[in-house]
Each structure stands twice: as C-alpha cells, then as structure tokens.
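Visitor: Sequence plus predicted model, see below.
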Amino acid sequence: MTPNRPPSQPPPSPLGRRTTKSAEAFSRAVELMPGGVNSPVRAFRSVGGTPVFFKSGEGAEFVDIDGNHYVDFCLSWGPLILGHAHPAVVDAVRQAAAEGLSFGAPSPREVQLSERVLAAFPEMERVRFVSSGTEAVMSACRLARGVTGRPLLLKFAGCYHGHADSMLVKAGSGLVTQGLSDSAGVPDEIAALTVVAPLDDEAALEQIFQAHGPRIAAAIIEPMPANNGLLLQRDELLKKLRDLCTAHGALLIFDEVISGLRLRYGGYGHEVGIQPDLVTLGKIVGGGMPVGAFLGSKAHMEQLAPLGPVYQAGTLSGNPVAMAAGRACLDELVGGGAYQKLEELGRLLDERFARIQGKVPWFRWARRGSVFWLHLSEGPLPRRPDRIAPEARERYVALHGKLLDRGLYLAPSAFEVGFLSTAHTHAHVERLADALETECDALVQRAA
Ligand SMILES: Cc1ncc(COP(=O)(O)O)c(C=O)c1O
C-alpha cells in the first residue's frame, strides 16, 4: 500500500461482466468521500477502471453488487487467511457482539487473545493491542524512542509501515542523508528524523550506522517486504541489521503486519532465526476485524503507560468483538494444519505458473507460503523497488481487468501481493493459472 502510485490507466473492457451498479455506487461515493474510497489503493487508479463494490463473501469467493462472483486473491489485503466469513470467526463475533460492543474497560477476551499471541511469539513477554497496523507501528516507534532516548528511526525504501508521519518518508539523495517527506502534510523536520536505507545492501547499512548509529532509536523493516512487490531479502541482510542494531544500542522492530501468523503460527523472525526487539502485528491477528498489536520484552513494554513514561492509549483498543474474532482465527491456525494446506496450495501455484513460464518467458512470480507476487518481466526477481521492471507493471495493468472479467480478483495494483487462504481449493488455483495462461498468451500474440 505504498502511497503515490502512478496515475490512472485506460479502463479495462468489461467483456460481459455487469458493472452498472458498481459504477453508480462509485459515482455517488466520489461525491461523498475523497476519491470515493477510504483507503487510496481501493480506487483502482493504478490499474484503471471502476472499483468493484462488494456485498458479501464466503470462503474464497465474494460477490459484487451487480451479482458477479469472484475468486478473491486479495483477501482484504491479508487478514482473511481463513477466507471470507469463516464460520468459527463469525460465531465468535456474533456471540461477543450480543454481549456488548465495547466496554472501555478490561474484558477476559483481551487476556485470551494475549495468551494466544504470546504463544505464537514465545520470546516476547508482553503485548498491547491497538486498532490498526499503522497504530501498532506508530506506538512501537514511540516506545523505541522512549526506551532509548534517541530521536532517529531507520526504515527501508520499499517497505510500507502504515501512514504515521515518520513512516511516510522516502530516501534522500545520498545514502547517509536523512529522509524527505513522501506525503504533503509531513513537515520536513519530522521527515528528517527518519533515515532511509536501501534494501538488499549491507554495505549501505554499515555506512548509515556509522554516520547515525548513536542517534538511532530503532530500525524498522518488513522482514518479508510485501508492499512494493514481494521483495524477498537474503537472510544476511536481516542478520546484518540485527547485529548493527545490537552493536549500536538501537532496537530492531520487525513489522510483521503482513508476515505475522501468515507463514506459520509465529513470525518471519522465526522463519529465519532472528529475534527482533519489538514486533508489530495487524491483519490476521484480528481475524478480519480492526486489530493491531505490538509485542516486546517485559522491560521494554513496561515503559508504556500506566507503568512507564511512554504514553499510548485507545478508546477501542482491545475491543471485545475484535478480540473474539482474533481469538477464533488464531484457534484455527494454531495446530499448523492450516499452514500445511496453504503451502500445498502454494506448491500447486508454483507448478502451474512454471508451465506458463515455459510458454511465456516474461512470466515470473515470487512466492513465500501463501503470499505470491507476479513480476511480469524476464530477469531475476527484484529485491529492491528500483529493480522492478516498468514493463512488469504495464503487463499487470493489461491483465488485471481481463482477470476481473473472468471472475478472478487480484489486488488493483502491480505492486501488491496476492494471498491464498485455507478456503481456496486446487480448483481455484487452477482457475487462476488457466486464466493467466490464456491472457498472457493473448498479450504475447498482441505484441507480436
Ligand atoms: C507491513 C505493514 N505495516 C503496516 C501496515 C499498516 O496497517 P493498517 O493498514 O492496518 O494501518 C501495513 C498495511 O498494509 C503493512 O502491510
């Protein structure tokens, strides 16, 4: 969900898909909400066409207000690892809602979800719940500054951490310069407190720590960067970052809003055997309801109010209905069977995509577990955003509307990843692969 996407493209042709009601709803929406949406990428500006308005979803499929059915490979941008309206989650929400929507006071449901989250991250000792990934990151950064008494944050170009001011910062012109604002409304003075590092470059990291080390409160990274394509990093980069943070007394924050609970009942840190100081979660931890969380050691987390001097609060934090959804979702995941199923689906996707690649040389994809990304260009998969080929975006834009017309919903941006859920079947994956094969062939023919 990196901001400032390129402007809109020509709309895809509807090829029989009914779009009247979505188009009407959108024209009303733009009169009421900026861009007609409550989160920019939903506006379809980077793929063209009109956003689809949905009325219901079940399992891996959802239905728009014109009655078109789609297999969903976007899944609300990650939370729906069990698919839409999973019965256990819906039952838990119903029961919790019937007992009260919000207390603004502690409830056992917070304790129950805390137990489950800390079981998934056993080296973390305390968790605090918030209502979004942005809030989790913003709070973790404040905590890191409070704990260390230092002003700077280090982030990586190509990682998205939500829309808090200090995270909407792009790289300055030189490596060891400080950041520039990436959004209007972020004062230069705030942006200058964020240092931006390139991904996939340990030497640059060394240089940055050499220049700024004693002033860096925390380095934050998506250990599995998945917001600007799936830019899988070498473990060495993450190890180097861990070592530099330790050597310079900075905290390491793994932003696992996407990767947390996605590949295993735990985090990406467990996948690679690297322990961060703080972890941020969102998406899956709320089972489809608005929940974020940040986790850390007792010593760090007890710097938070009411025990310590770092203030952080929320009227709806730990909301009982959201906690119930998160708990039900985690209870479905804890046994591990869900992850086995997701990996099996992922392997089928690899097999089928490899067949397409056999015919269409520019067909490339990255996959980790149930997260995949199409990078439709020959050559190695990029590990940095500036290595993403422009033609990969153009091809994705050309395919997106065609896939919609075939009842396949992928994220409306070439820079966003796709997700599989436990509700997907082999048939769903086959359908995606068949459609991609046909449409990629057609693109090749048109280009010839
Ligand atoms: C890694 C990461 N961090 C933070 C966020 C922000 O989360 P939210 O959109 O819930 O505020 C996102 C959202 O996509 C994310 O992917």
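Guide: Yep, it's here.
Visitor: With adjacent residues omitted, what lies nearest to residue 245?
Guide: For residue 245, ignoring the flanking residues on the chain, the nearest one in space by C-beta to C-beta, 6 or more residues apart in numbering is residue 252 at 4.2 Å. From N, CA and C alone the C-beta is placed, and that goes for glycine too.
Visitor: Do a quick rundown of the helices in the chain.
Guide: Under the criterion DSSP state H, the chain contains helices at 20-29, 87-98, 108-120, 133-148, 188-191, 202-212, 235-248, 268-272, 298-301, 320-333, 337-359, 390-405, 426-447.
Visitor: can you put these in JSON lines and add mean pLDDT, mean neighbour count and distance to the ligand?
Guide: JSON lines is the format used below for the helices of the chain (pLDDT from 0 to 100; neighbours: other C-beta atoms under 10 Å; distance: least, C-beta to the nearest ligand atom, whole Å):
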{"stretch": "helix 20-29", "mean pLDDT": "97", "mean neighbour count": "16", "distance to the ligand": "20"}
{"stretch": "helix 87-98", "mean pLDDT": "98", "mean neighbour count": "16", "distance to the ligand": "18"}
{"stretch": "helix 108-120", "mean pLDDT": "98", "mean neighbour count": "18", "distance to the ligand": "16"}
{"stretch": "helix 133-148", "mean pLDDT": "98", "mean neighbour count": "24", "distance to the ligand": "2"}
{"stretch": "helix 188-191", "mean pLDDT": "94", "mean neighbour count": "14", "distance to the ligand": "18"}
{"stretch": "helix 202-212", "mean pLDDT": "98", "mean neighbour count": "17", "distance to the ligand": "19"}
{"stretch": "helix 235-248", "mean pLDDT": "98", "mean neighbour count": "17", "distance to the ligand": "15"}
{"stretch": "helix 268-272", "mean pLDDT": "98", "mean neighbour count": "20", "distance to the ligand": "11"}
{"stretch": "helix 298-301", "mean pLDDT": "98", "mean neighbour count": "16", "distance to the ligand": "19"}
{"stretch": "helix 320-333", "mean pLDDT": "98", "mean neighbour count": "24", "distance to the ligand": "12"}
{"stretch": "helix 337-359", "mean pLDDT": "98", "mean neighbour count": "16", "distance to the ligand": "18"}
{"stretch": "helix 390-405", "mean pLDDT": "96", "mean neighbour count": "20", "distance to the ligand": "19"}
{"stretch": "helix 426-447", "mean pLDDT": "96", "mean neighbour count": "16", "distance to the ligand": "22"}
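Visitor: Turn those helices into CSV, including distance to residue 384.
Guide: Putting these into CSV (distance: least, C-beta to C-beta, whole Å) gives the following:
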stretch, distance to residue 384
helix 20-29, 35
helix 87-98, 37
helix 108-120, 30
helix 133-148, 21
helix 188-191, 21
helix 202-212, 11
helix 235-248, 11
helix 268-272, 18
helix 298-301, 30
helix 320-333, 31
helix 337-359, 22
helix 390-405, 14
helix 426-447, 25
